[in-house]
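Q: here is a sequence together with a model predicted from it:
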Number of protein chains: 4
Amino acid sequence: MLGSYRIRTDLALEATERFTEENVEIHGVEIQEKYDKEKDVSISVVRITTENGARAMGRPQGTYITMEAPNLSIPDEDYHREISQEIAVHLRRLIGLDREKSILVVGLGNPAVTADSLGPRVVENLRMTRHVIREYGLCGIGEEKMHRTSGIAPGVMAQTGMETSEIIQGIVAETQPDVVVAVDSLAARSVRRLSRTIQITDTGIHPGSGVGNHRIGLTEENLQVKVIGIGVPTVVDAATIVRDSMSHLLDVLDEAEQKEFLEEMVPPGLHSMFVTPKDVDETVKYLSFTISEGLNLAFSEV
Amino acid sequence: MLGSYRIRTDLALEATERFTEENVEIHGVEIQEKYDKEKDVSISVVRITTENGARAMGRPQGTYITMEAPNLSIPDEDYHREISQEIAVHLRRLIGLDREKSILVVGLGNPAVTADSLGPRVVENLRMTRHVIREYGLCGIGEEKMHRTSGIAPGVMAQTGMETSEIIQGIVAETQPDVVVAVDSLAARSVRRLSRTIQITDTGIHPGSGVGNHRIGLTEENLQVKVIGIGVPTVVDAATIVRDSMSHLLDVLDEAEQKEFLEEMVPPGLHSMFVTPKDVDETVKYLSFTISEGLNLAFSEV
Amino acid sequence: MLGSYRIRTDLALEATERFTEENVEIHGVEIQEKYDKEKDVSISVVRITTENGARAMGRPQGTYITMEAPNLSIPDEDYHREISQEIAVHLRRLIGLDREKSILVVGLGNPAVTADSLGPRVVENLRMTRHVIREYGLCGIGEEKMHRTSGIAPGVMAQTGMETSEIIQGIVAETQPDVVVAVDSLAARSVRRLSRTIQITDTGIHPGSGVGNHRIGLTEENLQVKVIGIGVPTVVDAATIVRDSMSHLLDVLDEAEQKEFLEEMVPPGLHSMFVTPKDVDETVKYLSFTISEGLNLAFSEV
Amino acid sequence: MLGSYRIRTDLALEATERFTEENVEIHGVEIQEKYDKEKDVSISVVRITTENGARAMGRPQGTYITMEAPNLSIPDEDYHREISQEIAVHLRRLIGLDREKSILVVGLGNPAVTADSLGPRVVENLRMTRHVIREYGLCGIGEEKMHRTSGIAPGVMAQTGMETSEIIQGIVAETQPDVVVAVDSLAARSVRRLSRTIQITDTGIHPGSGVGNHRIGLTEENLQVKVIGIGVPTVVDAATIVRDSMSHLLDVLDEAEQKEFLEEMVPPGLHSMFVTPKDVDETVKYLSFTISEGLNLAFSEV
């Protein structure tokens, strides 16, 4: 750990690592882990339940579910349906999908930058029902109960001239969904997490997260409806890579020296750069299938 | 003309044709035409000024400017800058761009269907300024006056589960632009118009127009701000093609016979089909450059 | 039937219709049909076995398999795996995939025109193995036997300045596959066939077929290796629509009168136009999943 | 400099830097530099004329032209036509375009990975003439002399199962161009070069270069025709970033210690990663316009 230097990560699991490594227990943070050997999937649930826990973890109170599977970005016959099913189970629980709901799915990120295009790609493969129900009614389509799904990929600020939060606030105010599900590409602290991790949280999307650094979050506070965030780490901050590589080198220095040293070391241009795998196109493609199938499964039954 | 059969066209110019052919003058409809021989560009301005004119023309009161140039979809060195300049002149006049304005450009249509992707493509090539001005202020970017531009391509209802008008109403309510400029692919009555015509109107976008048949319009009435519509015909209704081809064949029949005959003739599936040129990809690409350059020119100066 | 007027169709099944309607049997043409009620899939196999049959049918000797399923373009949970399996069975038989083969899949058509983008999209979702086997050997990847798959979407002549057949001839000469599988968007005679029909043939792709009208075919004669063609009708010729709609109107005329009449009737621009459904983006997307899965299944086992 | 560690760079200019910094002159390497103050464009020409020079520079004998302009990726009204014109001048000289030539442009790289999509995007905006001349003849299109241009974006090995060099060798053998112009995304050593540098060379494209690491080059030796390479650095190797940041830290160590130290330091996953700017989509878009316009200018006159 680099003293007061914040290593940027959007993954709650990574934030817990330093505590678990040091075998420290924090009041207000509960961690549950389970490993399915047959499917080779680890699922950890981190619950931050107090202000103290939130401070220690550097993120808001709420539930953070992380799924890890080493072969997540390698396509099998049905694009990891076992993971899609896990996503569906957790989503149904977090949203309360045993009662009819109206859900707006927001695909965050820049569709023109591969590493940031996961959200838009997930929305592309969703089955929307809201307009059909509005036009024909449930009777008209032969259903008794059905969730109303809608979705949009709003693009990023450089393309729209608007904050994503402004666009979504407007659409939420106009179409009145019960819940927003926001899908985003995340930044991990470590290259090890890339392409094998999915995080689901009921705390929404926070400022400074994602590839493109949202400046205003998508949270219940801003949107006045519950916000579920689903994220997959697809990049690591370029500056983080450099700092991380040098970390044990810096053990000999005190905090002030570390800070001075790093300021010299990390080239200024690096702060608008990210690190991503060469096959990020395949990762994003296959993971978007797995996630959209998870959402379709979750929303297909009341 | 096929009696009471409405030949679907989004072009005001085509609606005037039967009157001008028959040399009829209509109260409440003014038509001005000019032809620039050097540039080979025709510009017609149709003004519908009364209720009577609106009824006769089958479209709302307002101004409809149509530019025609035979080589519009054949790229020259600067993608028909002369047309971009004409677009800019007319837009500046219709919007009143001699005073600072905040403009939201909406790229209507389905980016995944080539013939319907003009609007989204135009938005892609616009220079957005709203977010920059909001972040740094005019001083910060060294300008005294500047229009604030923003834009979005909301997709179509089958993709979003929402009416386009709902999305845009929400965004307009949240971001408060002075004017909306909506760019759309249109349906022409005749294949002759395709790929060589641009229509600009201050009456917005009306239900039933475009490739995808908007069900609710984007109009000042709906959005509470002025709406300029810019459209390029890229398709002809499949049913229109059949009716048109048979029109002089039907002269011998009376109106009721015509109607019966046509109902038999036009296969039912045809109503969800459109006719489009094989090189529609190039047409849409080059026209989107010409139009986005026109918008960039119009918005670049106060 | 419009006398000597050739109604353009790339579907052998449509060419047989006039014979089956009139209950005529042709020497050298065998037709087998089977209907799977449970899956609601019809499969017809047309075998043209003699010169006479080829002349009567207006297409080369060989086998033409047509699958029809009314809901083919409506996605179900696994994108019509039952159809993918049928495709795999027929492909394995036509190619002889019980022995190791090297297969080059060619995605014909223009990726920038939705109705013509089926071929490129199918290639995008294939699992390629040729380069892996060449680099690591079969032992290296833990297999005993494996088909070597490669693929390319060469684009269309307006984009490349080259005939597609030139590009493919060059690649075939250099990489020496045992067989070429060419996937293409087809023109049907009737809107009824669109989005619900898949044709597989061992006669390759012929000049004048497809949306973009190949000028030189991809056939065993040209490429010196066996060529399997897989096609899905996504468009109808615009001129065909007009002729078809008028067909029974023309019964009263003799052939010369018909010809004269039609020449007048069909606007000249119409010959470079096609008719396609408004939701062609979804059709092409889902059908490309079904077909690529069929190919992946066929090639996954020796 | 990290001792024997090869800092990966595709830019000849970067390879010369250590010599110019140390004020060393190398036999067999000539460097010319010119700076156009008005346009703010620097152009350097490196000529490697002997075996010795090639060894010292770590790249083949030939000419390497580098253009640098700080605002290259910021669009102005005509997408930096002054740079397009410079490209055209150098290309015309390297190819000998004062006599009619047949030119095949190859857009290397993966169109699905933004940072690697420059080549495919350049090909998309070229005017192809070869097929028109073949069909209508020069007389038919009213020209006396004209270059024949063709082009292709072959994709990358993971998508095709074929080496890019195999595909291009096949096409060259079949279509017999006089010269190949290959456009590629490059790796720079320093983030400073990204988005502001264009390199043109008559030595082709070499193994190990580019984002995707070509394994076999596109060179005159392989293709039997002259190969011009045009490249823009869009990424930096992730491992290079780490090494570079630590370089002056390592001055105290001897070469063996440095090597050991670095092997420990650079996480193994990093070797399949690259660093790229967050706005790489805009950079690639605008630079592809500038380069394709340069090519169109170069090829438009004999």
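A: Okay, I see it.

Q: do stretch A:161-175 and chain D meet at all?
A: No - using C-beta under 8 Å from any C-beta of the partner chain, stretch A:161-175 never reaches chain D; the gap is at least 14.1 Å. C-beta here means a position set from N, CA and C on the backbone, and glycine is covered the same way.

Q: now name the helix or strand holding the closest residue to A:R121 other than its chain neighbours.
A: Spatial nearest neighbour of A:R121, chain neighbours left out: A:S288 (3.7 Å); criterion: C-beta to C-beta, 6 or more residues apart in numbering or on different chains. Element membership of A:S288 [criterion: DSSP states H and E] is helix A:280-299.

Q: C-alpha coordinates for that helix, PDB please?
A: What follows is helix A:280-299, C-alpha atoms only, in PDB (Å, rounded to 0.1, in the frame of the first residue of the first chain):
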ATOM      1  CA  VAL A 280     -10.200  -6.700 -25.000                       C
ATOM      2  CA  ASP A 281     -12.600  -7.000 -28.000                       C
ATOM      3  CA  GLU A 282     -13.300 -10.700 -27.300                       C
ATOM      4  CA  THR A 283     -13.500 -10.200 -23.500                       C
ATOM      5  CA  VAL A 284     -16.100  -7.500 -23.800                       C
ATOM      6  CA  LYS A 285     -18.000  -9.300 -26.400                       C
ATOM      7  CA  TYR A 286     -18.300 -12.600 -24.500                       C
ATOM      8  CA  LEU A 287     -18.900 -10.900 -21.100                       C
ATOM      9  CA  SER A 288     -21.600  -8.700 -22.600                       C
ATOM     10  CA  PHE A 289     -23.400 -11.900 -23.800                       C
ATOM     11  CA  THR A 290     -23.100 -13.500 -20.300                       C
ATOM     12  CA  ILE A 291     -24.400 -10.300 -18.500                       C
ATOM     13  CA  SER A 292     -27.300  -9.600 -20.900                       C
ATOM     14  CA  GLU A 293     -28.400 -13.200 -20.600                       C
ATOM     15  CA  GLY A 294     -28.300 -12.800 -16.800                       C
ATOM     16  CA  LEU A 295     -30.500  -9.700 -17.100                       C
ATOM     17  CA  ASN A 296     -32.900 -11.400 -19.500                       C
ATOM     18  CA  LEU A 297     -33.200 -14.400 -17.200                       C
ATOM     19  CA  ALA A 298     -33.800 -12.100 -14.200                       C
ATOM     20  CA  PHE A 299     -36.500 -10.100 -15.900                       C
END
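
Q: just checking, A:L223 touches A:I168?
A: Yes - taking C-beta atoms under 8 Å as the definition, A:L223 is a contact partner of A:I168 at 6.5 Å.

Q: overlap in contacts, those two.
A: Residues touching both A:L223 and A:I168 (C-beta atoms under 8 Å, 6 or more residues apart in numbering or on different chains) are A:V180.

Q: more neighbours, the two?
A: Legend: neighbour count by other C-beta atoms under 10 Å in any protein chain shown for A:L223 and A:I168, higher for A:I168 (27 against 23).

Q: the more buried one and chain D: what is the separation?
A: According to C-beta to the nearest C-beta, to the nearest Å, A:I168 and chain D sit 21 Å apart.

Q: element containing that residue?
A: Following DSSP H and E, one finds A:I168 within helix A:164-175.

Q: also compute the angle for that helix relative to helix B:164-175, please.
A: Relative orientation of helix A:164-175 versus helix B:164-175 (axes from the mean of the first three to the mean of the last three C-alpha atoms, to 10 degrees): 120 degrees.

Q: tell me which stretches of the stretch 151-300 of chain A form helices.
A: Counting by DSSP state H, counting those that start in this stretch, one finds helices in the stretch 151-300 of chain A at the ranges A:157-160, A:164-175, A:220-223, A:238-246, A:255-265, A:280-299.

Q: dump the residue contacts of A:I152.
A: When contacts are counted by C-beta under 8 Å, 6+ apart, A:I152 touches A:104-107, A:123, A:167-168, A:171, B:154-155, B:160, B:162, B:167.

Q: the same query, at a cut-off of 7 Å, please.
A: By C-beta atoms under 7 Å, 6 or more residues apart in numbering or on different chains, the contact list for A:I152 reads A:106, A:123, A:171, B:154-155, B:160, B:167.

Q: okay, the residues you listed in a markdown table with pLDDT next?
A: Shown next, in a markdown table, are those (pLDDT from 0 to 100):
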| residue | pLDDT |
| --- | --- |
| A:V106 | 98 |
| A:V123 | 98 |
| A:I171 | 98 |
| B:P154 | 96 |
| B:G155 | 95 |
| B:T160 | 97 |
| B:I167 | 98 |
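
Q: which one of those is nearest chain D?
A: The nearest member of those to chain D, counting by C-beta to the nearest C-beta, is A:V123 at 18.1 Å.

Q: near the closest one, how many other residues are there?
A: Here the number of neighbours of A:V123 (other C-beta under 10 Å) works out to 27.

Q: again, but for A:E257
A: Using other C-beta under 10 Å, the number of residues around A:E257 comes to 12.

Q: which residue is the nearest non-sequential neighbour of A:L295?
A: Nearest residue to A:L295, sequence neighbours excluded (C-beta to C-beta, 6+ apart): A:L126, at 5.9 Å.

Q: any low-confidence regions in the stretch 151-300 of chain A?
A: A:248-249, A:267 (pLDDT under 70).

Q: write out the residues of it neighbouring chain D.
A: Of all the residues in the stretch 151-300 of chain A, those in contact range of chain D (C-beta under 7 Å from any C-beta of the partner chain) are A:158, A:191-192, A:211-212, A:238, A:241-242, A:245-246, A:265-267, A:269-270, A:272-281.

Q: which of the residues you listed are buried? Put it as a ChimeraX command.
A: Command for ChimeraX that selects the buried part of these, burial taken from 16 or more other C-beta atoms under 10 Å in any protein chain shown:
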select /A:158,191,211,212,238,241,242,245,246,265,266,267,270,273,274,275,276,277,278,279,280,281
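
Q: tell me what the helix holding A:I168 is packed against?
A: strand A:102-107, helix A:220-223, helix B:164-175 (3 or more C-beta pairs under 7 Å, 6 or more residues apart in numbering or on different chains; DSSP states H and E).
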